[in-house]
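Colleague: sequence and computational prediction follow.
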Amino acid sequence: MTVAENLKALRSRLPDHVTIVGVTKQQVGAVVADALAAGLFDLGENRADALLARAEATDDPRVRWHFLGQIQRNKIAKVAPHVALWQSVDRAELGPAIARHAPGAHVLVEVNLTDDPNRGGTSLAAVPALVRDLQADGLVVRGLMAVGPLGGPDAARPGFTAVVHCADELALPVRSLGMSDDIDVAVACGSTMVRVGTALFGARAMPRSDAPSNVD
């Protein structure tokens, strides 16, 4: 199936208010052009160099790039002009660095729903304080992002529900929850944004064992 056909099938499963972010991670070929031709303008990358290369090769002003991976402060400056939404802010020290290069940037706080310290994200208990810190830096905190734990869609349900509840308490409208394997559960729990790679573009051409787990 083509990207356009996959996107149409995906949209038929989702409420109109749910934003689809097409994850171009480790995809080769004309995936960005295919996404734009299908009418998909929210695109995401998890590595700064990959986002920069794709953004500089794309001259369509409708594209909204989402940074999805672990953020290295020394790479913020070069991607900041291209990022519409920083989805993986998980510690206070990132706030001043992003604000320095992108004042008033829109960000999401990433929540870690596992006990794995190798996964990005802060604890749910720490979210309110981090939101306040980022707002004090002049950033616009739009919502929360999380990745479901291993174990399939049903294993993700309690964590997704907790993230939505936290976002409700903080009056944050965006809940970026759900990838190709757990979209339906995420939306049922209250997700307003899903990050989809393989279900749109097919299997990745260059799988990496060390790739961050917060993109699909």
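Modeller: Here it is on my side, so go on. Just so you know, these numbers come straight off a predicted model, no measurement behind them.
Colleague: which parts of the helix ranked longest in the chain are buried?
Modeller: When the chain is parsed with DSSP state H, its longest helix is helix 153-169. Across helix 153-169, burial judged by 16 or more other C-beta atoms under 10 Å covers 153, 156-157, 159-160, 163-164, 166-167. C-beta coordinates here come from the backbone N, C-alpha and C atoms, glycine included.
Colleague: pLDDT and distance to residue 135 added to these, as TSV?
Modeller: Output for these, formatted as TSV (pLDDT from 0 to 100; distance: C-beta to C-beta, whole Å):
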residue	pLDDT	distance to residue 135
153	88	33
156	94	28
157	95	30
159	95	24
160	97	24
163	98	19
164	98	20
166	98	16
167	98	15
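Colleague: hmm, who's touching the longest helix of the chain?
Modeller: 111, 113, 124, 127, 143-144, 146, 148-149, 173-175, 177-178, 181-182, 184-186, 188-191 (C-beta atoms under 8 Å, 6 or more residues apart in numbering).
Colleague: one more time with 6 Å, if that's ok
Modeller: Contacts to helix 153-169, defined as C-beta atoms under 6 Å, 6 or more residues apart in numbering, come from residues 111, 113, 124, 127, 143-144, 146, 148-149, 175, 177, 182, 185-186, 189-190.
Colleague: which residues of this structure score low on pLDDT?
Modeller: Where the chain drops to pLDDT under 70, the residues are 205-216.
Colleague: for it, what spans make up the helices?
Modeller: 3-13, 31-37, 48-56, 76-79, 94-101, 127-136, 153-169, 183-189, 198-201.
Colleague: list the contacts for residue 134?
Modeller: Applying C-beta under 6 Å, 6+ apart, we find residue 134 in contact with 95, 141.
Colleague: before we move on, back to that, out of the contacts of helix 153-169, flag the one nearest to residue 204.
Modeller: Nearest to residue 204 among the contacts of helix 153-169 is residue 182, at 17.8 Å by C-beta to C-beta.
Colleague: name the nearest residue to the closest one, sequence neighbours excluded.
Modeller: Among residues not flanking residue 182 along the chain, residue 153 sits closest, at 4.1 Å (C-beta to C-beta, 6 or more residues apart in numbering).
Colleague: roughly how far does that neighbour sit from residue 67?
Modeller: Relative to residue 67, residue 153 is positioned 26 Å away (C-beta to C-beta, to the nearest Å).
Colleague: next one: stretch 118-135 to chain centre, how far?
Modeller: Remark: stretch 118-135 is offset 16 Å from the chain centroid, using C-alpha atoms, centre = their mean, to the nearest Å.
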